[in-house]
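> Fold the following for me, if possible:
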Amino acid sequence: MMGVQKDRVKFNVGGRIFETTATTLANAGRNSLFGAMFDENWNLQSNPATTAAAATEHFIDRNPDCFSILLDLLRTGELHIPTNIPEKLLYKEALFYGLSDHVRTARWGPFDGNRLHLARSVHGRAPGDGTAIRAGPDGGCCVAHGSMVHVYDWTLEEHPPINLDYQRVNDAIWVDSDNIVISACERLGRDEGGMGLFGASNGELRYKFHVAHENQAKSYTGGALSFNQDYKLFSSCKGRSNEYGIGVWDQVTGNQVDFFYEPPGWSLGEADKLQWLHGTNCLLVATLFPRKDNCYIGLLDFRDKSMVWSWSDIGARITDERRVRDAIAMEETNSICVVNEYEDLGFMDLRRAGSIVRWSSRSRLMKGKMPDEPCYPKLALHEGQLFSSMNDSVSVFAGPDWVLTSRLRNSYGGSICDFSIGGDRLFALHSDENVFDIWETRVHSIV
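Next up, the predicted model:
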């Protein structure tokens, strides 16, 4: 910002006078309230119609104590909240000024699995075990329990829940910070189920995603979800007749744009996991035990409706030690990582058709110590680090050989049934006590 001037700027906020510089205000960024005070060269704009007094003093009818904290944040990049200032009040003031991103950055640092600490645990309000937890892009999350989805913003304040009226939720995905897509089971005898786009702040249904088969709208069960950078939304679909496969919709309009029908001898419509691969423009589809007796993993290319890579354990001698519980594609290494119920990792080469799983034992000490009702391991990949849940902990692997580098554990809540990474946070959902944990990276520079 070479054009920034060092002019002093005076504010009257709720009756208190503050003085700062244009350079400090420019740290707020173009999308903030203060950004509107500058021209395209980051020079302060003047309004000839204002009086001399108004030109030298900008009045803002807001809380002066919070303004003082936020102004110091712009000056130093550090956040210190006095004990007499409610955090939620400060967050609301930051939202008014367009400084929410600055506050979030100061509260927790860039995500690093090896520097995470347990920041907070939140007790859920819905009865029964949790189905899924999904991190939002701005540090919030949503938690699915049965037919309810509870939504939390980045301050962990709960918004009105999404209620699907006894339709069991199968998956959820944030398409942006304001919208969540929910997939649910079909209810026999009623034209319900499928998928819908809901407002994150109010829980209201904005529109539904319909499936058409032979030019006729069909009811269906929506399953695993994913989306790509071209605003295409993908879901596994299970209909009553031949509508088994992967549906594709325009997430902006809600219109169906494609459908990949399930080939004979394969399983797509009941997939447990979808993952879009940006480098190859293909979709990973994984159907896993115990949903099916056998495991099916394939890469779909929608450009020519082909399956360009596939693997299945059909015909293989399967033991618990070799039963795949989750899978994730790793584009940088042209491989797929899988995990068994003992958190042993396996790898398959995407460059070879009919690739076999190369298992690598990581946790032999865990064997024989499984809880009475264990949750199956889940995998996640984030910025070069691999994460795997196991019982009540999440393991972090890094390096070319995926060495175990740290393990996150909270002794309360029981086994982890799901976890998700987003907004520089890791959220872990426990099954026993209906509680989820929030893990953040410490910021050493905070006063």
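
> where are the low-confidence patches of the chain?
Low-confidence regions of the chain, defined here as pLDDT under 70, cover residues 1-6, 46-56, 125-130, 188-192, 242, 318-321, 361-374, 433, 444-447.

> do that again at 50, thanks
By pLDDT under 50, the weakly predicted segments of the chain are 1-5, 51-54, 364-368, 446-447.

> The residue nearest the centre of it pairs with what?
The chain has residue 135 as the residue nearest its centroid, 3.1 Å off, counting by Cα atoms, centre = their mean. On the basis of DSSP bridges, residue 135 is bridged to residue 141.

> shouldn't it be in contact with residue 428?
No - judged on Cβ atoms under 8 Å, residue 135 makes no contact with residue 428 at a distance of 10.4 Å. From N, CA and C alone the C-beta is placed, and that goes for glycine too.

> what are the ranges of the helices in this structure?
Counting by DSSP state H, the segments of the chain that form helices are 22-26, 52-56, 64-76, 87-97, 100-107.

> closest to residue 115 out of those?
Evaluated over those, closeness to residue 115 peaks at helix 100-107, with 14.5 Å, by Cβ to Cβ.

> From the contact counts, what lies against that closest one?
With contacts defined as 3 or more Cβ pairs under 8 Å, 6 or more residues apart in numbering; DSSP states H and E, helix 100-107 has these neighbours: helix 64-76, helix 87-97.

> mind putting those helices in JSON lines, mean neighbour count and distance to residue 250 included?
Formatted as JSON lines, the helices and strands packed on helix 100-107 follow (neighbours: other Cβ atoms under 10 Å; distance: least, Cβ to Cβ, whole Å):
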{"stretch": "helix 64-76", "mean neighbour count": "18", "distance to residue 250": "39"}
{"stretch": "helix 87-97", "mean neighbour count": "17", "distance to residue 250": "30"}
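
> I'd like to know which of the ones you listed is closest to residue 37.
Between residue 37 and these, the tightest spacing by Cβ to Cβ is seen for helix 87-97, at 11.7 Å.

> quick one, that closest one and helix 64-76 angle?
The directions of helix 87-97 and helix 64-76 differ by 70 degrees, with axes from the mean of the first three to the mean of the last three Cα atoms, to 10 degrees as the criterion.

> For helix 87-97, give me every contacting residue.
When contacts are defined by Cβ atoms under 8 Å, 6 or more residues apart in numbering, helix 87-97 is touched by residues 28, 32-34, 62-63, 66-67, 69-70, 81, 100, 102-103, 155, 157.

> do stretch 308-325 as well
If you take Cβ under 8 Å, 6+ apart as the criterion, stretch 308-325 is touched by 266, 282, 288-289, 294-301, 336, 338-342, 344, 346, 348, 350, 353-355, 357, 359, 376-378.

> and those residues, which are buried?
Under a neighbour-count criterion of 16 or more other Cβ atoms under 10 Å, the subset of these counted as buried comprises 266, 282, 288-289, 294-300, 336, 338-342, 344, 346, 348, 350, 355, 357, 376-378.

> Among those, which are located in strands?
282, 296-300, 336, 338-339, 346, 348 (DSSP state E).

> Same list, the residues you listed, but as a markdown table with distance to residue 310 please.
Below are those laid out as a markdown table (distance: Cβ to Cβ, whole Å):
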| residue | distance to residue 310 |
| --- | --- |
| 282 | 12 |
| 296 | 8 |
| 297 | 7 |
| 298 | 4 |
| 299 | 7 |
| 300 | 10 |
| 336 | 11 |
| 338 | 14 |
| 339 | 19 |
| 346 | 16 |
| 348 | 11 |
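
> quick check, nearest of those to residue 118?
Set against residue 118, the nearest of those by Cβ to Cβ is residue 339 (23.1 Å).

> got a list of what the closest residue in space to the closest one that isn't next to it in sequence touches?
Using Cβ to Cβ, 6 or more residues apart in numbering and skipping the chain neighbours, the partner closest in space to residue 339 is residue 377 (4.7 Å). Residues near residue 377 by Cβ under 8 Å, 6+ apart: 325-326, 339-341, 343, 388-390.

> now swap in residue 45 and tell me
By Cβ under 8 Å, 6+ apart, the contact set of residue 45 is 37-39.

> ok, it to residue 334 distance?
52 Å (Cβ to Cβ, to the nearest Å).

> Pull the number of nearby residues for residue 83.
For residue 83, the neighbour count with other Cβ atoms under 10 Å is 5.

> got it, and residue 23?
Per other Cβ under 10 Å, the neighbour tally for residue 23 reads 16.

> Great, nothing more from me.
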